[in-house]
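[1] Next input, structure requested:
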Amino acid sequence: MKKIIWAVAMTMALSGCRKQDIPKWEPVVSVNGEREGVIRGIPTGVTFDRVTVEIVGFDWQTVATVEIPIENDAFRLILPTDFAETDLQPVDRGANGRNMEGYWPSVASDPGARVATMRDEILVWEGERRVGRIYLTDWSGDPTVSMLEKRFIGWQFADRPFVLDGFTGRNDAFTFRDCPFAQGWNAFAKINASRENIRISTDIPADAALGWRFELWP
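    Model prediction:
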């Protein structure tokens with residue numbers, strides 16, 4: 001059954017400023033208490049009052065929706081951990097790559113592991129109007145700058161530890177390197193290794209120049 005989870009926003013005080021020195025709006029965001037930072041790239045005049053994320057599980061269905069109000073220019077996204085076993089999805093697609101009920105086109109060290117995954121889009125809303133999305137990356141957001149070798153961060157819940165190997169299923173679209181997942185929520189990087197290949201890794205250096213970016217909804 002799909003669940004709706006409301007989380008409490010984390011408030012942060014902003015220093016006062018004169019009207020003529022109003023800075024560009026850059027609210028603060030974090031996920032599970034980590035990756036805290038301001039959201040860059042919000043156009044002047046664009047505001048929003050809440051964010052939503054969907055979590056995908058069994059049969060690629062949405063098994064939970066998290067909705068967070070923005071208060072005092074900040075929010076803290078806390079992802080749920082109380083999934084029923086029937087909500088979770090098989091971790092991989094098997095040695096032949098044909099089990100499309102599984103999430104990763106790879107082979108896990110523990111094929112009995114089950115996962116739930118946050119969709120790529122963290123959607124932002126003003127009232128009932130969808131304004132855009134935010135994402136965590138070390139790409140500058142400049143469309144003239146290549147996305148090759150840039151990290152785009154996702155999150156996945158695992159019911160037990162497992163490791164993904166380099167198997168890519170029936171094609172070479174994905175490569176898996178340094179991919180141990182712990183029990184609970186894990187951040188992982190999707191790296192554009194080439195135009196035809198995405199490298200997946202849970203090894204995200206502490207000094208990676210990651211930042212939150214905003215993108216208007218088309």
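
[2] Give the residue spans of the chain that score low on pLDDT.
    For the chain, the stretches with pLDDT under 70 are 1-24, 166-172.

[3] Spatially central residue in it, please.
    Geometric centre of the chain, nearest residue: Gly154, 3.4 Å, by CA atoms, centre = their mean.

[4] which element is that residue on?
    strand 151-158 (DSSP states H and E).

[5] So what touches that strand?
    With contacts defined as CB atoms under 8 Å, 6 or more residues apart in numbering, strand 151-158 is touched by 31-32, 35, 55, 79, 81, 83, 88, 91, 103, 113-118, 120, 135-139, 181-192, 204, 208, 210. Using the backbone N, CA and C atoms, a C-beta is placed for each residue, glycine as well.

[6] Same question for that strand: list its buried residues.
    Residues of strand 151-158 classed as buried by neighbour count (16 or more other CB atoms under 10 Å): 151-158.

[7] Also stretch 131-144?
    For stretch 131-144, the neighbour count (16+ other CB under 10 Å) marks 131-139 as buried.

[8] In TSV: the residues you listed, plus secondary structure and distance to Arg40.
    Listed next are the buried residues of stretch 131-144 as TSV, based on DSSP: H, G, I helix; E, B strand; the rest coil; distance: CB to CB, whole Å:
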residue	secondary structure	distance to Arg40
Val131	strand	15
Gly132	strand	13
Arg133	strand	14
Ile134	strand	9
Tyr135	strand	11
Leu136	strand	11
Thr137	strand	10
Asp138	coil	12
Trp139	coil	11
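
[9] Please identify which pair of those residues lies farthest apart.
    Val131 and Asp138 (23.8 Å; CB to CB).

[10] Quick check: nearest residue in space to Cys179, chain neighbours excluded?
    Distance criterion CB to CB, 6 or more residues apart in numbering; nearest residue to Cys179, sequence neighbours excluded, is Leu164 at 3.9 Å.

[11] Tell me the spacing between the one you found and Pro105.
    10 Å (CB to CB, to the nearest Å).

[12] Show me whatever sits in contact with both of these two.
    With CB under 8 Å, 6+ apart, Leu164 and Pro105 have common neighbours Asp92.

[13] Looking at these two, which is more packed in?
    Leu164 (24 against 21; other CB atoms under 10 Å).

[14] Gly102 is in contact with that one, correct?
    No - if you go by CB atoms under 8 Å, Leu164 and Gly102 don't touch, sitting 11.3 Å apart.

[15] list the residues that contact both of the two?
    Asp92.

[16] ok, what's across the strand from Phe174?
    Ile198 (DSSP bridges).

[17] Tell me how many other residues crowd it.
    By other CB under 10 Å, neighbour count at Phe174 equals 19.

[18] who's in contact with it?
    104-106, 168, 197-200.

[19] Quick check: Gly97 vs Phe174, distance?
    Taken as CB to CB, the span from Gly97 to Phe174 is 10 Å.
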